[in-house]
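Student: Model the structure of this input:
(2 chains)
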Amino acid sequence: MAQKKGHRSLSSDDPEELARVPLQAVLLADSFATKFRPITLERPKVLLPLVNAPMIDYTLAWLESVGVEEAFVFCCAHSQQVKDYLNKSQWMKQPGTFTVQPIESHDSISAGDALRVIYNLGVICGDFVLVSGDTISNMSLKEALQEHKERRKKDPLAVMTMVIKHSKPSSLTHQTRLGNDEILMAIDPDTKELLYYEDKTDQSQRFITLDKMLLASTPTLHLHNDKQDCYIDICSPEVLSLFTDNFDYQHLRRHFVKGLLVDDLMGYKIFTHEIHSSYAARIDNFRSYDTISKDIIQRWTYPMVPDVQYFGNCSQMKLDRLGIYKAPEVDQSRTAQIRAFSLIGNGTAIGDHSVISNSVIGQSCTIGRNVSIQGSYIWDNVIIEDDCKLSHALVCDGVHLRAGVVLEPGVILSFKVEVGQKIVIPAYSKVSLLPQPSKQDSDEELEYADANSGVVESPSITSIANTRNVDPVPDSPDAEHSDTSEVGISGVGYIWSTTEGGHEEEWRHSIAPIPAEKLMEFCLSAHTDLGVSNQDVNSLPASGELQLDSESTGFDDGEDYKDSADFEKEVEATFQRVLAGVNPENVILEINSLRLSYDMSHADCAGSLFYSIMKSALSAPFSSNRELLLNTGKELSRWKDLLKNCLKTIDEEIEVLLKFEEMCLETTKEFAPLFSAILNHLYEKDILSEDAILSWAEEKEGADESDKVFVKQSEPFLKWLREASEDEDD
Amino acid sequence: MMDFQVVVLAGGTAKKLAPLVSKEVPKALLPVANRPVLSYVLELLESSNLKDLIVVVEGEDAALRVGGWISGAYVDRLHVEVAAVPEDVGTAGALRAVAHHLTANDVLIVSGDLVSDVPPGAVAATHRRHGAVVTTLLCYAPVSGPSDTGSSAGKDKVKKSRYNIVGLDPTRQLLLHIAAGAEVEKDIRVQKNILRAVGQLEIRADLMDAHMYAFKRTVLQDVLDQKDTFHSIRQDVLPYLVRTQLRSEISANGLHKVEDNANGRVSSQNYVTWMSQHREIAPSAYQELLALSPRSPENALRTHKCCAYIASKSKYCARLNSIQAFSDINRDVVGEASHLSGYSFSSQNNIIHPSAELGSKTTVGPQCMLAEGSQMGDKCSVKRSIIGRHCRIGSNVKIVNSVVMNHVTIEDGCLVQGSVICSNVHLQERVVLKDCQIGAGYVVTSGSEYKSEPLARK
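Tutor: Next up, the predicted model:
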């Protein structure tokens, strides 16, 4: 406290303080991600209702409450909708100290681009708060701002203060609660400087690798995986120019934060501010949507709760016991039950014997009889006919569920989808009136700029063909009775196939509770798989920490890993040039020189080249495994000579096999079911010798069960090989 | 303290300490303020009421000498067995050799070259309180010695080679990571599963392993048996136990079941607290897991605990394992850590034995020691130095920052600075020594000057 006083008296003399700069904020009304698809194809994420109020209202209300005077709302995807909304809302009208100003851009594909646009506009003149429009918080920024300013005075290189929060005791809960990726941070306990940041941690890496030099300036650092990044940053104007200088910075964390931490040339520093009792979280995916909705209903976000008027929401919401909120005009049957932690919007009617628990229901919905709604989010104007069962589902505006529909956990129904009678929508399905955009596009994480930017007019044939369980039935609700297949929907809408991460990731981000076996797997994997195995220790030579280190360099030394990744990329690029028509012989030369400059072995070359070839096989369109196998066969025969060039000894051949296994497990899982078939192919084409295959299988003998998946898959082939070789011996 | 056995690893005739050590003077008997360094450990143990000791010495000869000295000095005070092991078996080898003598539940292993006032009882208590398999004493690595010694460069070197990179949990009682600072080349590599288990891991570079360990006996014996390549406690056994703590490979009977709720460690209890946060979302999963966990004890994760006892900054802790350390410790024990010496200091802050004789105009400064029967001529000056028994020192001799052992003859006009002079050395007239080590019995001819050189008899 004494410090604060000291500061105050100091600052009164400070000319900077005298020329008062209004506190500004940049609100990114585009998450530059696709996690809320298919909903975000039609409406921008920030306008999605969170407990019946658009997310952006929470963020703006918070910004106003912390004393921000000027907020720039950066809109990109569906910018018109955001602008229209703001224009109609009270934010633009209200007189007073808080002004909201939209900034529109159509070609930004990342937060980096957005900040570059803002830099070019030259509207930011001092420290500013950077948030995205899906942030819910009730924290006070005063302390964090003051810390930031004081630090800046002493050290102009302290350009950013990141708000973090202690997450639940176990990291596992942390991840499962908000569905985020694990975040690892190293923080100096005294200065709170952020020294290391890693999100999207590579689960296969068993070690965190910290530069020893971090300990040169401070004797102690704290490594955390129990902190949550609130994605609220206080930035100095330099941050914008840094983005402009480094035009390749796209992602705020992955590029900018990491970039600054790694770059010791410029010496920019990032600090953290930890909040303890207040609330701050960001809606990143459906799971956090669910969690944060519950937090709001349970009033962790007070005063941002449904029954308090903090912005244009309906303040007539009445809070009953057990956390039940009801709008004044709810037509509830006497036999209907509304259970704990639920909210019912205005004008909604609920029929006899229906039960609603842990759910949010929007305005003007019609809910029939004997409907059970549990842990679900129903937006506005939804019609749910009798006997429907919804659990842990999200249902957007205007959806119509006919009688007897069952939504299994994790289902997302986008706007105006209609579902025919007695249809069961399987868990984790996402249904939309819009067809799924083809896969290539989703690679670049961006939301569709506008609904009319092409998706609707040109649902490519392949994308429809690719989508699983598709049954785009014409808008005649009566016609469907006959073709109610088990998988189809008699109604309107496409079921999207799961996106690239596949089902693996689906459960993590879904509203649905995490399946028991996943939880089990999750908590076991965190401890067992990553431990030091018996083998490693036994192979440990006579003594020493040095040995420990070098022992581990074997599999995943950070530096080494990076290099080999680079190397792989280079080889791939080189290979691409062959595809473009460069003479293969030159390519062999090139790869050789790459090998020397990266100090790689022949085996690495073989592995990387094989990887490139397989990737090119994968890039050709295919609709079935058979087709993929055919493609692969073609590619392999085509590049056989090139590959053979790198396969000088059996070691390289084994490396290729190991690489292939790794690919099937990680990067290109598409090949996993074909492993054995392709192995056979490699043998037939004389790319891999019998000896190599057999010694690979032998090597795997002692491995973990999980490691032997592919050996097992190939067992018939291996058996045949062994027998063949025995025959020869005889 | 009843069920603690103590093993003191007293070393042999360490080559690193040549020419100070010799056949006659093994490392354990090197003088610190005129008494063998081993006496500091023995008396420290005695003060914690640890009187049942096994002292392991490398080499038969050395063992005989050490044994002889102990039986003379501690005959009624301690119960000591001296065991001889071959040279170069390493600390792990030394323990293997005496393993069959160990019967107590826990074993305290102390390096014989430790000069410290950290009570071993505190380490033992921490060990017992946590039911740890190993507890190690960590103390603050010296940041900089007394600045007036002028050997700050040497000090830096000491620091660099000694400190450890240590990972601790938020309570600073669990040892989660350990690596020798000097051996970590560029990257510190921390196991993610350990971080996940604790949530927050403190990494420090200001502590060092003081070579006092409490081990669960069965675990120690198991590891020594199974890992026959392990050579050193510090470099092999301890890091091994630390890195496998969440995935224990130690046989079950040696294992203390971890039940720790305060620290968020992985334990059955922790699973429960974690799962309970999911109750609202996933009631089925919660129940199932609970039901599952006791059903499969084989799959249950076995963990063991490694603990650390961090000595407070005010405690003295040093190991006599280099010549630099020898000089530093000798200086400290009559200087800043004088309470360790066991002597009472005069009002001039020095110790001059009543039987010592000083010539006229000879001064002995503070933080000095002059032992019994030594004689000094006229106009001598002694600063921050220790002079042993029965030395004969002529006139006009200057001794600064040095250690002079017993029966040394120094003739007129010599200058000795920053040096160590072993017993029975003879410095003839006007010898100048700076930062030298003179082995026992050596004769330095008159007028010679040496700088930074070890000298010993062939």
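Student: In three-state terms, how would the nearest residue to A:Pro328 once chain neighbours are set aside be classified?
Tutor: Leaving aside its chain neighbours, A:Pro328 sits nearest to A:Gln316 (4.9 Å; criterion: CB to CB, 6 or more residues apart in numbering or on different chains). In short, each C-beta sits where N, CA and C put it, glycine included. In three-state terms, and counting by DSSP: H, G, I helix; E, B strand; the rest coil, A:Gln316 is coil.
Student: Thought A:Ala327 was touching A:Gln316, still the case?
Tutor: Yes. When contacts are counted by CB atoms under 8 Å, A:Gln316 is listed as touching A:Ala327 (6.5 Å).
Student: So between the two, which is more surrounded?
Tutor: The residue with more neighbours, out of A:Gln316 and A:Ala327, is A:Ala327; 20 against 12, by other CB atoms under 10 Å in any protein chain shown.
Student: Need the residues touching each of A:Gln316 and A:Ala327.
Tutor: Shared contacts of A:Gln316 and A:Ala327, defined by CB atoms under 8 Å, 6 or more residues apart in numbering or on different chains, comprise A:Asn346.
Student: ok, how many other residues are close to the one residue in the stretch 51-200 of chain B that gets nearest to chain A?
Tutor: Shortest the stretch 51-200 of chain B-to-chain A distance, computed as CB to the nearest CB: residue-wise this is B:Gly199, at 3.2 Å. Residues near B:Gly199, counting by other CB under 10 Å, number 23.
Student: Dihedrals phi and psi, it?
Tutor: Main-chain torsions, B:Gly199, degrees, to the nearest 10: phi 80, psi -50.
Student: Equivalent analysis for A:Ile514, please.
Tutor: Note on A:Ile514: its backbone torsions stand at phi -70, psi 130 [degrees, to the nearest 10].
Student: which parts of stretch A:100-120 are buried?
Tutor: Residues A:100, A:102-103, A:105, A:108-119 are the ones in stretch A:100-120 that count as buried (16 or more other CB atoms under 10 Å in any protein chain shown).
Student: Repeat that for stretch A:671-684.
Tutor: A:Phe671, A:Leu674, A:Phe675, A:Ser676, A:Ala677, A:Ile678, A:Leu679, A:Asn680, A:His681, A:Leu682, A:Tyr683.
Student: near chain B, which of those residues show up?
Tutor: Among those, none lies close to chain B by the criterion of CB under 8 Å from any CB of the partner chain.
Student: how about the residues you listed in JSON lines, adding pLDDT and distance to B:Leu50?
Tutor: Output for the buried residues of stretch A:671-684, formatted as JSON lines (pLDDT from 0 to 100; distance: CB to CB, whole Å):
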{"residue": "A:Phe671", "pLDDT": "80", "distance to B:Leu50": "64"}
{"residue": "A:Leu674", "pLDDT": "82", "distance to B:Leu50": "67"}
{"residue": "A:Phe675", "pLDDT": "83", "distance to B:Leu50": "62"}
{"residue": "A:Ser676", "pLDDT": "83", "distance to B:Leu50": "64"}
{"residue": "A:Ala677", "pLDDT": "83", "distance to B:Leu50": "69"}
{"residue": "A:Ile678", "pLDDT": "83", "distance to B:Leu50": "66"}
{"residue": "A:Leu679", "pLDDT": "83", "distance to B:Leu50": "64"}
{"residue": "A:Asn680", "pLDDT": "83", "distance to B:Leu50": "69"}
{"residue": "A:His681", "pLDDT": "81", "distance to B:Leu50": "70"}
{"residue": "A:Leu682", "pLDDT": "83", "distance to B:Leu50": "67"}
{"residue": "A:Tyr683", "pLDDT": "83", "distance to B:Leu50": "68"}
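Student: What about those residues, which are in helices?
Tutor: Within those, residues falling in helices by DSSP state H are A:Phe675, A:Ser676, A:Ala677, A:Ile678, A:Leu679, A:Asn680, A:His681, A:Leu682, A:Tyr683.
Student: What number of residues are in the vicinity of whatever residue of the stretch 351-458 of chain B ends up closest to chain A?
Tutor: Residue of the stretch 351-458 of chain B nearest chain A, by CB to the nearest CB: B:Pro454 (27.5 Å). Residues near B:Pro454, counting by other CB under 10 Å, number 17.
Student: How about it, nearest residue that isn't a chain neighbour?
Tutor: Using CB to CB, 6+ apart and skipping the chain neighbours, the partner closest in space to B:Pro454 is B:Gln437 (4.5 Å).
Student: what's the answer for B:Val21, then?
Tutor: Nearest to B:Val21 is B:Thr13, by CB to CB, 6+ apart, at 4.7 Å.
Student: which residues does the one you found contact?
Tutor: The neighbours of B:Thr13, taking CB under 8 Å, 6+ apart as the test, are B:Val21, B:Ser22, B:Lys23, B:Pro26, B:Lys27, B:Glu58, B:Gly59, B:Ala62, B:Glu87.
Student: Sticking with the first one, tell me its helix or strand.
Tutor: By that I understand B:Val21. Using DSSP states H and E, B:Val21 falls within no helix or strand.
Student: That one is in contact with B:Ala28, isn't it?
Tutor: No. Judged on CB under 8 Å, B:Val21 makes no contact with B:Ala28 at a distance of 9.4 Å.
Student: what's A:Asp155 in contact with, if anything?
Tutor: Contacts of A:Asp155 by CB under 8 Å, 6+ apart are A:Lys269.
Student: re the thing from before, tell me which of B:Val21 and B:Ala28 has more neighbours.
Tutor: Per other CB under 10 Å, whichever of B:Val21 and B:Ala28 has more neighbours is B:Ala28, with 31 against 24.
Student: Please settle this for me: is the more buried one part of a helix?
Tutor: Yes. With three-state DSSP as the criterion, B:Ala28 is part of a helix.
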